[in-house]
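J.: just coords:
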C-alpha cells in the first residue's frame, strides 16, 4: 500500500499539534543506519489503508512510503492513539531492507470452526495467542499463520510447534506455548 508522506523537522509540540489539527499524522521512519526520518503521513490516505487491511494484520502489512520522490518499503512498529477519541496520533515505521532480517508479530487465524468436534460437543474456542513473533527477511514475511481446528476435541490444544512454518522463517516465541484450545 502506498502512502504519501512529507519530511518534517523534528519539531516542537506546536508543530505536532498543527499537523494533527490538519488531520495528518506525525510519524518516524526508523532505519538501520540510525538516520531516522521525521515524516508526516496523510491522515485520509492512512485511514483508507486501514479500512482495506484485514483486522489484526497491520503488523505484517508492507507500506510503500514515498518520501521526496523515493519509495521506501516499511512496516508499522507502533501506533499511538488518543486516549479519548481513539484517533491515531503518532506512528512508528521500520524501514525494510532486503538483506536485513526483521522481527514481526504475525497474526494467527483459524479455519474449521464450523466442523470442529469440540465445539459441536459444547466447547468453545479460546484463543490464547493472537500473534506469533517471528524473524525473517522482508521477502519471506508471512501475512498470517492459519491453524486448522477441525480435529480438536474438548480440552485439546494446538501449540506454536504445530504451525506449518514457511522456509526461512524463525520463531522467536517458545515452541511449547499454546496458541489455541477448545475449552469446556
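T.: All right, it came through fine. Computed from a prediction, not measured in an experiment: that's the story for all the values here. Numbers count the residues shown, from 1 in each chain.
J.: please count neighbours and contacts with C-alpha atoms only from this point.
T.: OK.
J.: ok, which stretches of the protein are strands?
T.: With DSSP state E as the definition, the chain shows strands at residue ranges 2-7, 25-30, 37-41, 63-67, 70-81, 88-95, 102-111, 124-127, 131-136, 145-148, 157-159, 170-171, 178-183.
J.: any chance of the ones you listed in TSV, with mean neighbour count too?
T.: As requested, the strands of the chain are exported to TSV (neighbours: other CA atoms under 10 Å):
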stretch	mean neighbour count
strand 2-7	17
strand 25-30	22
strand 37-41	21
strand 63-67	19
strand 70-81	16
strand 88-95	20
strand 102-111	18
strand 124-127	17
strand 131-136	18
strand 145-148	16
strand 157-159	18
strand 170-171	16
strand 178-183	20
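J.: quick one: residue 38 and residue 176, what's the gap?
T.: Counting by CA to CA, to the nearest Å, the gap between residue 38 and residue 176 amounts to 40 Å.
J.: which ones are touching the spatially most central residue of the chain?
T.: By CA atoms, centre = their mean, the chain has its centre lying nearest to residue 59, at 1.0 Å. Residue 59 makes contacts with 75, 76, 77, 104, 105, 106, as judged by CA atoms under 8 Å, 6 or more residues apart in numbering.
J.: stretch 155-169: end-to-end distance?
T.: First-to-last distance for stretch 155-169 - CA to CA - comes to 29 Å.
J.: what's the domain layout of the chain?
T.: Domain segmentation of the chain under automatic domain parsing yields 2-95, 102-183.
J.: so what sits opposite the residue nearest to residue 32 when sequence neighbours are not counted in the bridge?
T.: Excluding the flanking residues, the one nearest residue 32 by CA to CA, 6 or more residues apart in numbering is residue 95, at 7.6 Å. With DSSP bridges as the criterion, residue 95 is bridged to residue 74.
J.: what does the one 10 residues further on give?
T.: The partner list for residue 105 in beta bridges (DSSP bridges) reads residue 133.
J.: got a markdown table for the contacts of residue 59, with distance to residue 158 and pLDDT too?
T.: A markdown table is the format used below for the contacts of residue 59 (distance: CA to CA, whole Å; pLDDT from 0 to 100):
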| residue | distance to residue 158 | pLDDT |
| --- | --- | --- |
| 75 | 28 | 94 |
| 76 | 28 | 94 |
| 77 | 27 | 93 |
| 104 | 21 | 93 |
| 105 | 18 | 94 |
| 106 | 16 | 94 |
